[in-house]
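> Show me how the following folds:
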Amino acid sequence: MNNLIKNIFNFIKPLFCDNGGGMSIGRLGLWFTMAPAIEIWYSGNDIKENHLYVLVIFTVYNMYKKIPQFIDLIKAWKGNN
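The predicted structure is shown next:
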């Protein structure tokens, strides 16, 4: 049972933590703002403009941290790295 819980945590850990294992404020913030947005959208309503801005800010912040990884991936694909 303990091993099952550990495996489940390891599966969802990248959604909330950085590679070092520490909690990522950016990812936690994104999920805390995304959860109510999904519920609102699922009910067929529109989220408020400020809520959308916060989602965009957290999304851009989280994507910006990954840009060096994408550049390395493209260089490796082209054979320049």
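> From here on, just use CA atoms for contacts and neighbour counts.
Noted.
> residue contacts, residue 62?
Contacts for residue 62 (C-alpha atoms under 8 Å, 6 or more residues apart in numbering) come out as 26, 27.
> Can you name the element that comes right after the helix or strand harbouring residue 29?
Residue 29 belongs to helix 25-42 when elements are defined using DSSP states H and E. Of the helices and strands lying after helix 25-42 in sequence (DSSP H and E), the nearest is helix 49-64.
> and the angle for that next one with helix 25-42?
Orientation note: helix 49-64 sits at an angle of 140 degrees relative to helix 25-42 (axes from the mean of the first three to the mean of the last three C-alpha atoms, to 10 degrees).
> quick one: helix 49-64 to chain centroid distance?
11 Å (C-alpha atoms, centre = their mean, to the nearest Å).
> Stretch 59-68 too?
9 Å.
> For that stretch, output the C-alpha coordinates as CSV.
Output in CSV follows, covering the C-alpha atoms of stretch 59-68 (Å, rounded to 0.1, in the frame of the first residue of the first chain):
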residue,chain,number,x,y,z
THR,A,59,1.2,30.0,-17.7
VAL,A,60,3.7,32.4,-19.3
TYR,A,61,5.9,32.2,-16.1
ASN,A,62,5.9,28.4,-16.1
MET,A,63,6.6,28.2,-19.9
TYR,A,64,9.4,30.8,-19.6
LYS,A,65,11.3,28.6,-17.1
LYS,A,66,11.3,25.8,-19.7
ILE,A,67,12.6,27.8,-22.7
PRO,A,68,16.2,26.7,-22.3
